[in-house]
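# this is a predicted model, with the sequence first.
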Amino acid sequence: VQLQAYGGGLVQAGGSLRVSCAASGRTLSSYIMGWFRQAPGKEREFVASISWSDGITYYVDSAKGRFTISRDSAKNMVYLQMNSLKPEDTALYYCAAKNRYSVTYALWGQGTQVTVSS
């Protein structure tokens, strides 16, 4: 599976942004897709995930109620809709994939920068 993330940009606090991840290479039905982010000087952190087969989602507490992860099976796309953005959401956002039986995410795309100005 190859992943390509895009859609980042500069947005004011309180605004919205959607980042996208294009997945290609093989059938994704057995995969879990995730979004992670890494801010300067901080460790990479999990943001959200979605099971490709049944759509079950998980979110980090700071994203609950503001972010929505979704997938489009027809287009092999995964999205992260981010609303009510805060300056602390500023980070490089990565999409990743793992087999649903795996513990770790083995497949990563390049990051897309999201910057939230105050």
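Cool, the structure landed.

# what's the spacing between L92 and R26?
26 Å (C-beta to C-beta, to the nearest Å). From N, CA and C alone the C-beta is placed, and that goes for glycine too.

# to clarify, my last question referred to S62.
32 Å.

# tell me the mean pLDDT over stretch 14-26?
In this model, stretch 14-26 has a mean pLDDT of 93.

# go on, stretch 69-80?
Mean predicted confidence for stretch 69-80 is 95.

# gap between the two ends of it?
Counting by C-alpha to C-alpha, to the nearest Å, you get 5 Å between the two ends of stretch 69-80.

# ok, now stretch 107-118?
Its start and end residues considered, stretch 107-118 measures 33 Å (C-alpha to C-alpha).

# which of the residues in it are buried?
L107, G109, G111, T112, V114, V116 (16 or more other C-beta atoms under 10 Å).

# hey, what's F46 bridged with?
F36 (DSSP bridges).

# use 46 as the first number for this chain going forward.
Will do, 46 is the new start, and the previous item becomes F91.

# circling back: and the furthest pair within the buried residues of stretch 152-163?
L152 and V161 (27.1 Å; C-beta to C-beta).

# need the residue closest to the centroid of this protein.
W80 (2.5 Å; C-alpha atoms, centre = their mean).

# roughly how far does that one sit from D117?
To D117, W80 is 15 Å away according to C-beta to C-beta.

# now A142
Counting by C-beta to C-beta, the gap from A142 to D117 is 15 Å.

# between those two, which one's more packed in?
A142 (24 against 10; other C-beta atoms under 10 Å).

# from L55, how far out is that one?
In terms of C-beta to C-beta, A142 sits 27 Å off from L55.

# what sits against the closest residue in space to A67 that isn't next to it in sequence?
Spatially, and ignoring its direct neighbours in sequence, A67 is nearest to Q49 (4.7 Å; C-beta to C-beta, 6 or more residues apart in numbering). Residues near Q49 by C-beta atoms under 8 Å, 6 or more residues apart in numbering: C66, A67, S69, G154, Q155.
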